[in-house]
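Enquirer: My questions concern the predicted model and sequence given below.
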Amino acid sequence: MKNKRLAVQDSHFSFLTEAPAIERQPTVRRRITPEAGLGLEKLAHALEYLIDEFIHEGCEVGKDYGRLQAIQLLASLNRQIYFACVVQPTIGDRVQSLFRRFRFRQT
């Protein structure tokens, strides 16, 4: 007997097997300052609260358009703060930089 839940999952995710492979991008780490971290934390709590409230009240887009705009605004601010943080160099970048400095001193 086939599990009904698996049958539903197979039908919902069947498009994944037909999709072309997506090239994986390297992970980028950012150095988040304490102030930015606090801002991100406060925005995340506000977003979570608004989204939970929106879902709890039935996700009515026409009725809750102002709430959706607030969610979009907070999400936009969250991204702005995150992307303003400095990108932390990868280990490979640090090693290359070290070799460049070493080679420069040798000549």
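Expert: Good, I have the coordinates. The structure displayed is predicted, hence computed values, not measured ones. Numbers count the residues shown, from 1 in each chain.
Enquirer: What ranges does this protein have for its strands?
Expert: With strands called from DSSP state E, the chain shows them at 29-31, 86-88.
Enquirer: right, and the ones you listed - which one's nearest residue 38?
Expert: Closest to residue 38 of those is strand 29-31 (C-beta to C-beta; 14.9 Å). All C-beta spots, glycine's among them, are computed from the backbone N, C-alpha and C.
Enquirer: Now the closest one: average pLDDT?
Expert: For strand 29-31, mean pLDDT is 83.
Enquirer: What residues sit buried inside that strand?
Expert: Residues of strand 29-31 include none that count as buried (16 or more other C-beta atoms under 10 Å).
Enquirer: how distant is it from the center of its chain?
Expert: Centre-to-centre, strand 29-31 and its host chain are 13 Å apart (C-alpha atoms, centre = their mean, to the nearest Å).
Enquirer: Mind listing the strands that strand pairs with, and their directions?
Expert: strand 86-88 (antiparallel) (DSSP bridges).
Enquirer: what distance separates the strand it pairs with from the centre of its chain?
Expert: 16 Å.
Enquirer: so for that strand, what's the average pLDDT?
Expert: Mean pLDDT, strand 86-88: 83.
Enquirer: Residues in contact with it: which ones?
Expert: Strand 86-88 has contacts (C-beta atoms under 8 Å, 6 or more residues apart in numbering) with 28, 29, 30, 31.
Enquirer: Nearest to residue 65 among these?
Expert: residue 30 (32.6 Å).
Enquirer: so what's that closest one closest to, chain neighbours aside?
Expert: residue 85 (4.1 Å; C-beta to C-beta, 6 or more residues apart in numbering).
Enquirer: wait, isn't residue 68 in contact with residue 53?
Expert: No - taking contacts as C-beta atoms under 8 Å, residue 68 lies outside contact range of residue 53: 11.4 Å.
Enquirer: quick one, which of those two is more surrounded?
Expert: residue 68 (16 against 12; other C-beta atoms under 10 Å).
Enquirer: just to revisit the earlier point, export the contacts of strand 86-88 to a markdown table and append columns for distance to residue 62.
Expert: Formatted as a markdown table, those follow (distance: C-beta to C-beta, whole Å):
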| residue | distance to residue 62 |
| --- | --- |
| 28 | 38 |
| 29 | 41 |
| 30 | 37 |
| 31 | 42 |
